[in-house]
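Asker: Make a model of this:
(chains A and B)
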There are 2 protein chains.
Amino acid sequence: MIRSKVAILLTLLLGIAAFGQTNTAVREYRQANENRLLTDFVQFLSIRNVASDIPAVYKNADLLVETMKREGLAPQAWYLGDKGSPPPVIYGEWLTPGATRTIIFYAHYDGQPTDPKQWNSIEPWVPTLFSAPMEKGGAKIPFPKDGEKIDPEWRLYARSASDDKAGVFAILTALEALKAKGIKPTVNIKFLFEGEEEAGSVHLGEIIAAHKDLLNANAFIVCDGPVHQSGRKQVVFGVRGDVNVDLTVYGANRPLHSGHYGNWSPNPALTLAKLLSSMKDDKGNVVVNGWADDVEALGPVEQKAISEAPKYDDELKRQLGIVYTEGGGKSLLELINQPSLNINGMSSGDVGALARNVIPSTATAVLDLRLVKGNDIDRQVEKLRKHIESRGFHVIDHDPTSAERSRYPMIAKFTVRAGGYNAQRTKMDLPISLRVIDAVQAVSKDPVIRMPTLGGSLPLSIISETLNVPTITVPIANYDNNQHAENENIRLQNLWDGIEMFASLMTMKTN
Amino acid sequence: MIRSKVAILLTLLLGIAAFGQTNTAVREYRQANENRLLTDFVQFLSIRNVASDIPAVYKNADLLVETMKREGLAPQAWYLGDKGSPPPVIYGEWLTPGATRTIIFYAHYDGQPTDPKQWNSIEPWVPTLFSAPMEKGGAKIPFPKDGEKIDPEWRLYARSASDDKAGVFAILTALEALKAKGIKPTVNIKFLFEGEEEAGSVHLGEIIAAHKDLLNANAFIVCDGPVHQSGRKQVVFGVRGDVNVDLTVYGANRPLHSGHYGNWSPNPALTLAKLLSSMKDDKGNVVVNGWADDVEALGPVEQKAISEAPKYDDELKRQLGIVYTEGGGKSLLELINQPSLNINGMSSGDVGALARNVIPSTATAVLDLRLVKGNDIDRQVEKLRKHIESRGFHVIDHDPTSAERSRYPMIAKFTVRAGGYNAQRTKMDLPISLRVIDAVQAVSKDPVIRMPTLGGSLPLSIISETLNVPTITVPIANYDNNQHAENENIRLQNLWDGIEMFASLMTMKTN
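Answerer: From the prediction side, this is the model:
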């Protein structure tokens, strides 16, 4: 323990010495330009960016290409086939004469679908500035006029303010700052901005495979996800896999009057409730047979990193307003290294003002399955399907026909959403892993946290399988950014810090 | 058994002899006017009629008053206080010189709330004619021009086409036909049309109490609900009580990314699923403690009537596309005489295209509790609340405060909707009960089914408590009318039959 603390301290001091000048220059550039930078970011966030909304994502792609052209980054929009095809990957490069190493910087410009009605008096694609987080009493404030001071604690609310246009923006601004200040990167830099990550990166593998010759690199650095809940930066060496399943169970073939038929005709909401309940025990442990059987155990370096990470669960529980946790009392970090099973949504009939005295005819849930190293999508989905069968259901992939209805007492429609992928984990003790940790440490006053895996998912298995390059993730967003939910936001200081971090990575040591 | 069948046959023959002339005259009137009658009904159905939509329900009330004025029925709209107050009760009367008995005819002109998006290519308040039921391949057809033949198997689709504007319309048209044909009713007739039955008749007791002097009567005849599934008419002597409960359980105080926090932060959808599951066993029997303890057992006349009712469960299961039933294998008729617990709706997060990889922050269900004679709303609700507490929940009537969140691991918001009421049952062997059965039998070729209670609910306990008058229900709608659901409809022959039935009741024997 003492040795490791000394090592961290040394790294910290060395980092400050070596990178201090670059950091100062990048910070000065940002401070001198922050009104304009904020305006540019707001413009970027104003464009709708749900991957299925093709005309909108194309507008995002066009803006990116235009911006990167102005910066001399030789951008290319990689469409899959003709226009009208899936969201393009935007590629760009900035080659450093004499550099022997190449780093790809990745972020995604699409965002999660959202129901605008759920946002609290703001619109997802009308970026709005607040004096502090809404839930802490922050108030809407006007955007500052040119030259007016910007408070780094302000929050900018918009879809993708954190996830993940912040990443795209911080990466591009880092290079802009280095160029403006005349600081030469130490590596060749390649940019890769994806437009359908939130839709499961369905076409990413195919697109990058077609441009493999441009993507030889020593590391694939991903900007996505939040920093640690404590505010400390983290370097993440793996991500979980993810796959979604849609599940529907059935009552009568039409909605029925609950008085005339209730408690006789089966209620699918009850059927679904019983089925979902059967998947976890009363302590919230997944009890689907064999769920964690194929998990690859963590090595000693990874276990040590976890043990050195801050113990934050109690503080987190206080902030989230919860007393008990699922997972039988295990810590969040332990559980993140296990496969999960989560209900994203559940619906049957109506609630609220539209509720009626009916027996609904169907009940639906959407599940997400997070995978860790060792799990496999197909195997994991199959375990879930078997579990449903073991509960007496006839499992099919379509709405039941009359013949099926008359044959099977309980029927479940079970379909797997496209775009699932496996987990990925880079070893923490590779030379490139150590250099990335150093570069991030150089811009952090606190010791950087090293995480074997992020709780979230990214299609990094697609990258590592296609390009055979180690991937490492360096998040920048505040942890309370409401990622994937309504009222997504970024704390401006996190955006500013992100710029410095990427500049530091672009000037990392290479010896 | 034999004696009772002979008795039914005799009644049938006597009925045909005594009422044959009236029936024929009423039928002739309807046949001669059916194009106009259909047009009038369509006009009535075109007015939005959800009780909470005050401007719209007032329009319905105005149309009713106008129509009844034209027929000389001395209508009064009973508002509770000034205009702007709840939907009025529309009262009218047609006194028969020399009559010593008075019958009140009740129906309601409001309809269940509905989500227009759920309707199958039609709008709830744009009445649309189909050649047959949609689910049996019926096609949209234009309304017939004046003089064109109307097929009685056509279906008219609209909110309240069956429930319960059909009742209002059939009652008023029956009197119109009698008057036009110069047939004198045998009783004084009073009309009572309610405008917030689907919202729980919250103000009905107060309104009729204020006009009690006008409502002395020998029977209160209600038109609501469907005829038997076999198509046979039924006379119903009781209705179940009904009360709705809203239930919400909580996860973290904001939606969370399912990857970063899933399987650690509690998922309220799972919590709700486990709670709802705990209310019924695997055979669909309610297992809430004491649920049926206070049920008043059926008497021998009622038990006999049930045993003589058609055995229809197997046919119904076939039609509804279900194989197993809740209630541990008991018949539908047995279960209707027991208190029920049904999930009307259940929601957490989103499903379908809006589903996201989140842990929702709340999960909500709406429950309806049907009560039978002996049950009491307050006691029944209390049993449910105690059950939830027994599952470890802290039960409150508001969203939890931070202090409550930090104190209780599991919290449920439990609120009871206004407008609940108890069950009601009139004895089957009262003289007025026998006369009503006779009058309905007179217009039926098959023996009329006598039901101790309807599965559905009506605020008849309010009536019997306020007016001290026996209530009897005579439904007219086809059983597959999609009452309370989307695609509500009426089979035109049921509407026509209803007119004849009410004319028969208005000319019932009084000796």
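
Asker: could you give the mean pLDDT of stretch A:315-324?
Answerer: Looking at stretch A:315-324 alone, the average pLDDT works out to 94.

Asker: contacting residues around it?
Answerer: Residues lying outside stretch A:315-324 but in contact with it, judged by C-beta atoms under 8 Å, 6 or more residues apart in numbering or on different chains, are A:229-230, A:325, A:332, A:480, B:251-254, B:256, B:265-266, B:400, B:402, B:405-410. C-beta: built from backbone N, CA, C; applies to glycine.

Asker: Mind checking what helix or strand follows the one helix or strand in chain A whose mean pLDDT sits lowest in sequence?
Answerer: In chain A, no helix or strand scores lower on mean pLDDT, DSSP states H and E than helix A:2-45, which sits at a mean of 76. Tracing the chain C-terminally past helix A:2-45 and defining elements by DSSP states H and E, one meets helix A:54-70 next.

Asker: Mind giving me the packing neighbours of that following helix?
Answerer: Applying 3 or more C-beta pairs under 8 Å, 6 or more residues apart in numbering or on different chains; DSSP states H and E, one finds that helix A:54-70 contacts helix A:2-45, strand A:76-78, strand A:89-94, helix A:165-180.

Asker: Touching it from outside, list them.
Answerer: When contacts are taken as C-beta under 8 Å, 6+ apart, the neighbours of helix A:54-70 outside the stretch itself are A:43-44, A:47-51, A:74-75, A:77, A:83-84, A:86-88, A:90, A:92, A:109-110, A:168, A:172, A:191, A:193, A:195-196.

Asker: Quick one: buried ones out of those?
Answerer: Neighbour counting over the contacts of helix A:54-70 (16 or more other C-beta atoms under 10 Å in any protein chain shown) leaves A:44, A:47-51, A:75, A:77, A:86-88, A:90, A:92, A:109-110, A:168, A:172, A:191, A:193, A:195-196 as the buried ones.

Asker: Let me see the contact set for A:E135.
Answerer: B:253-254.

Asker: Kindly report the same for A:Q112.
Answerer: Under the criterion of C-beta under 8 Å, 6+ apart, the neighbours of A:Q112 are A:50, A:159, A:163, A:198, A:483-484, B:356-357.

Asker: Can you name the residue of the stretch 101-250 of chain A nearest chain B?
Answerer: Of the residues in the stretch 101-250 of chain A, the one nearest chain B is A:Q112, at a distance of 5.0 Å by C-beta to the nearest C-beta.

Asker: which bits of the stretch 401-511 of chain A sit near chain B?
Answerer: With C-beta under 8 Å from any C-beta of the partner chain as the criterion, the stretch 401-511 of chain A comes near chain B at residues A:402, A:405-410, A:454-457, A:479-480, A:482-486.

Asker: my bad, should have said the stretch 51-200 of chain A
Answerer: If contact is defined as C-beta under 8 Å from any C-beta, the residues of the stretch 51-200 of chain A in contact with chain B are A:52, A:112-115, A:135.

Asker: okay, those in CSV with pLDDT next?
Answerer: Formatted as CSV, those follow (pLDDT from 0 to 100):
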residue, pLDDT
A:S52, 93
A:Q112, 93
A:P113, 94
A:T114, 93
A:D115, 92
A:E135, 91
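
Asker: May I ask which two of those residues are separated the most?
Answerer: A:S52 and A:E135 (29.7 Å; C-beta to C-beta).

Asker: I'd like to know which of the residues of the stretch 401-511 of chain A next to chain B are buried.
Answerer: If we count by 16+ other C-beta under 10 Å, these have these buried: A:405, A:408, A:410, A:454-457, A:479-480, A:482-486.

Asker: Take the residues you listed and keep only those in helices.
Answerer: Using DSSP state H, A:R405 are the members of those that sit in helices.

Asker: Looking at the buried ones among the residues of the stretch 401-511 of chain A next to chain B, which is nearest A:R425?
Answerer: For these, the minimum distance to A:R425 (C-beta to C-beta) is 10.2 Å, reached by A:L454.

Asker: would you list every one of the strands in the stretch 401-511 of chain A?
Answerer: Under the criterion DSSP state E, counting those that start in this stretch, the stretch 401-511 of chain A contains strands at A:411-416, A:424-425, A:449-451, A:471-473, A:489-491.

Asker: Walk me through which strands the third one pairs with, and which way each runs.
Answerer: Read it as strand A:449-451. Under the criterion DSSP bridges, strand A:449-451 sits next to strand A:234-236 (parallel) in its sheet.

Asker: and what of the longest one?
Answerer: Here strand A:411-416 has these sheet partners by DSSP bridges: strand A:241-250 (antiparallel), strand A:394-396 (parallel).

Asker: Outline the domain layout of chain A.
Answerer: For chain A, whose domains are defined here by automatic domain parsing, the residue ranges read A:2-239+A:423-506, A:242-295+A:338-416.

Asker: mean pLDDT lowest for which of the ones you listed?
Answerer: Here the lowest mean pLDDT among the domains of chain A goes to domain A:2-239+A:423-506, at a mean of 92.

Asker: now the residue positioned nearest the centre of chain A, nearest residue through space, not along the chain?
Answerer: Among the residues of chain A, the one closest to the centroid is A:G225, at 4.8 Å (C-alpha atoms, centre = their mean). When the adjacent residues along the chain are set aside, A:G225 lies closest to A:P475, with 3.9 Å between them (C-beta to C-beta, 6 or more residues apart in numbering or on different chains).

Asker: Can you report phi and psi for the one you found?
Answerer: Comment: the main-chain dihedrals of A:P475 come out as phi -70, psi 160, following degrees, to the nearest 10.

Asker: neighbours around it, how many?
Answerer: A:P475: 28 surrounding residues under other C-beta atoms under 10 Å in any protein chain shown.

Asker: That one contacts A:G231, doesn't it?
Answerer: No - using C-beta atoms under 8 Å, A:P475 makes no contact with A:G231, being 12.0 Å away.

Asker: could you pull out the strands for the stretch 101-250 of chain A?
Answerer: Counting by DSSP E, counting those that start in this stretch, residue ranges of the strands within the stretch 101-250 of chain A are A:102-108, A:128-130, A:140-141, A:155-157, A:188-194, A:219-222, A:234-236, A:238-239, A:241-250.

Asker: Partner strands of the second one and their direction?
Answerer: Okay, so that is strand A:128-130. Partners of strand A:128-130 in the sheet, by DSSP bridges, are strand A:140-141 (antiparallel), strand A:155-157 (antiparallel).

Asker: Distance-wise, check A:P300 relative to chain B.
Answerer: When distance is defined by C-beta to the nearest C-beta, to the nearest Å, A:P300 is 24 Å away from chain B.
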